[in-house]
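In: could you look at this predicted model? Sequence included:
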Amino acid sequence: EAQVTQNPRYLITVTGKKLTVTCSQNMNHEYMSWYRQDPGLGLRQIYYSMNVEVTDKGDVPEGYKVSRKEKRNFPLILESPSPNQTSLYFCASSPTRGYQETQYFGPGTRLLVL
Amino acid sequence: AQTVTQSQPEMSVQEAETVTLSCTYDTSENNYYLFWYKQPPSRQMILVIRQEAYKQQNATENRFSVNFQKAAKSFSLKISDSQLGDTAMYFCAFMKGLDSNYQLIWGAGTKLIIKP
């Protein structure tokens, strides 16, 4: 089944404790992206990747890191999480970076930083 | 800057009724895509329908259709014969091209409740 998977689905952590949220897609998509969703704000893009070893900042990259060592994986890293990073996070992928492409979303990861 | 506005924070209708969710956007671009996504309580984002800006014909997917008014920059979603399973948050999104990042710009969402 074609899908985007994220792990973990739920995470509670404390300020400053490094964490990684994994994202994997099995559709051989080139383009992958991370979003955060906050009430009343819709989704905002954190980072995106055009292909392996190619990543760039979205609208709200502060406090986050990503890497793209393999085409299928695009982990999101919070080196020192803070309470303002409490949010719902989505990973998405699409075949290429063209605007005609539909983005496929993972199930979301709900993060609480205490 | 591109923006997407959904003016209805919450709506509720009876099962089997028709409901229309509104969305307006602002852009200076001529070619772009518009999307409606559904987010049920499971939290996953599910594509409902998309519209290509250069196409005059409104997109339709079964009970879901859009009313795309390019000059007015309006992109409303109509759900016919609403079902309990349609209860969800609905997000309107605009895909722009900025350099090489075709980024989705999202509205704040409309919470739709279908009552039995």
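Out: That came through fine.

In: count of neighbours near B:Asp26?
Out: Neighbour count for B:Asp26, taken as other Cβ atoms under 10 Å in any protein chain shown: 12. The way it works is simple: take the backbone N, C-alpha and C, and place the C-beta from them, glycine included.

In: for it, give its distance to A:Lys57.
Out: Remark: distance between B:Asp26 and A:Lys57 (Cβ to Cβ, to the nearest Å) = 23 Å.

In: repeat that for A:Cys23.
Out: In terms of Cβ to Cβ, A:Cys23 sits 17 Å off from A:Lys57.

In: neighbour count for these two, which is higher?
Out: A:Cys23 (25 against 14).

In: pretty sure that one is touching A:Cys91, no?
Out: Yes - here A:Cys23 reaches A:Cys91: they are 3.5 Å apart, a contact under Cβ atoms under 8 Å.

In: quick one, phi/psi of A:Gln85?
Out: The phi/psi pair for A:Gln85 (degrees, to the nearest 10) reads phi -100, psi 0.

In: give me the beta-bridge partners of the residue lying closest to it once chain neighbours are set aside?
Out: Distances taken as Cβ to Cβ, 6 or more residues apart in numbering or on different chains place A:Val113 nearest to A:Gln85, at 5.4 Å, with adjacent residues excluded. Residues in a beta bridge with A:Val113, per DSSP bridges, are A:Thr13.

In: what is the neighbour count of A:Val113?
Out: Counted with other Cβ under 10 Å, A:Val113 comes out at 19.

In: that one: what's it in contact with?
Out: The contact partners of A:Val113, taken as Cβ atoms under 8 Å, 6 or more residues apart in numbering or on different chains, are A:Thr13, A:Val14, A:Thr15, A:Pro81, A:Ser82, A:Pro83, A:Asn84, A:Gln85, A:Thr86.

In: related to what we said a few turns ago, mutual contacts of A:Cys23 and A:Cys91, please.
Out: Joint contacts of A:Cys23 and A:Cys91 (Cβ under 8 Å, 6+ apart) are A:Val4, A:Gln6, A:Met32, A:Trp34, A:Phe74, A:Leu76, A:Gly106.

In: in strands, which of those residues fall?
Out: Among those, the ones falling in strands (DSSP state E) are A:Val4, A:Gln6, A:Met32, A:Trp34, A:Leu76.

In: make TSV out of those residues and add neighbour count, pLDDT and distance to chain B.
Out: Listed next are those as TSV, based on neighbours: other Cβ atoms under 10 Å in any protein chain shown; pLDDT from 0 to 100; distance: Cβ to the nearest Cβ, whole Å:
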residue	neighbour count	pLDDT	distance to chain B
A:Val4	24	94	10
A:Gln6	21	96	10
A:Met32	28	93	12
A:Trp34	29	96	12
A:Leu76	22	98	16
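
In: one step back: from the shared contacts of A:Cys23 and A:Cys91, which two are the most distant?
Out: Based on Cβ to Cβ, the longest span within the shared contacts of A:Cys23 and A:Cys91 runs between A:Val4 and A:Leu76 and measures 12.9 Å.

In: confidence score at B:Asn31?
Out: We have a pLDDT of 80 for B:Asn31.

In: where's it relative to chain A, distance?
Out: 8 Å (Cβ to the nearest Cβ, to the nearest Å).
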